[in-house]
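what's the 3D shape of this:
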Amino acid sequence: HCDIPQSRSLSSAASAATQKSVKPPVQVFGLEGRYATALYSAASKLNQLDQVEKDLTALQSSLKGDKKLREYVTSPIINKKVMATALKEAAEKLRFAPSTGNLLGLLADNGRLKKLDTVINAYKTIMAAHRGEVVCEVVSAKPLDASQNKQLEGALKSFLKGNQTLKITSRVDPSIIGGLIVSIGDKYVDMSIASKVKLYTDVIKSAA
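A predicted model of the protein is given here:
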């Protein structure tokens, strides 16, 4: 089913006068982007942007470090309504912002808790843009050395405008074979050997 979260679902405490959605500073795509955008809009109206980010970062760390909790949250066996209620109650006990609790309840209701990690990452991307940070992810087949990092940072800074600052996260993925995959803001550049190999094999197949 197509679930498009509305910011009002996430901010039941917001007054009817402030129902107009708040546009995020950067567009995040996919289902996780829709949830993160609705959350940003709701948290913005309630002046809870930083609190929600703090809640989600703590929650993400807990899920990464606690396998049982991760399995429980993504379990297909537990009833959606039961899970939604349990998560909302847990959020209240942990003194999470109301918008955070509402997000957890909404994801559980829609059977989308498996998307929680990517929703949190999407919200972090929006918040980085909100602070004037441009988030850049660099994927390489093996770790880059200091001089390569410096060269790359110099090249990426050309994308910045005005008072923006660059925030680079690096990830190693041997499956790309070599080269780089760079995503900065809403731009995506695939310079991996794996993508070139695919391109060449597609050309060969079409010629056969």
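
tell me which element the nearest residue to residue 26 once chain neighbours are set aside is part of?
Leaving aside its chain neighbours, residue 26 sits nearest to residue 129 (3.8 Å; criterion: CB to CB, 6 or more residues apart in numbering). All C-beta atoms are positioned from the backbone trio N, CA, C, and that covers glycine. In this structure, residue 129 sits in helix 116-130 according to DSSP states H and E.

Tell me how far the residue nearest to residue 26 lies from residue 207.
44 Å (CB to CB, to the nearest Å).

These two: who's more crowded?
Counted by other CB atoms under 10 Å, residue 129 and residue 207 do not tie: residue 129 has more neighbours, with 20 against 6.

Please name the residues that touch the more buried one.
Residues in contact with residue 129 (CB atoms under 8 Å, 6 or more residues apart in numbering) are 24, 25, 26, 135, 185.

Quickly note the distance from residue 197 to residue 207.
16 Å.

Need the pLDDT of residue 157.
For residue 157, the model assigns a pLDDT of 90.

Ok, residue 27 next?
Here the pLDDT value assigned to residue 27 is 84.

go on, residue 16?
Confidence at residue 16, expressed as pLDDT, is 40.

Near residue 57, how many other residues are there?
As a burial measure, residue 57 scores 14 neighbours (other CB under 10 Å).

Okay, helices next: where are they in this structure?
Ranges of helices in the chain, per DSSP state H, are 7-10, 30-45, 49-65, 67-73, 80-93, 98-109, 116-130, 146-156, 193-207.

which residues touch the fourth one?
If I follow you right, that is helix 67-73. Helix 67-73 is contacted from outside by 62, 63, 64, 78, 83, 87, 113, 116, using CB under 8 Å, 6+ apart.
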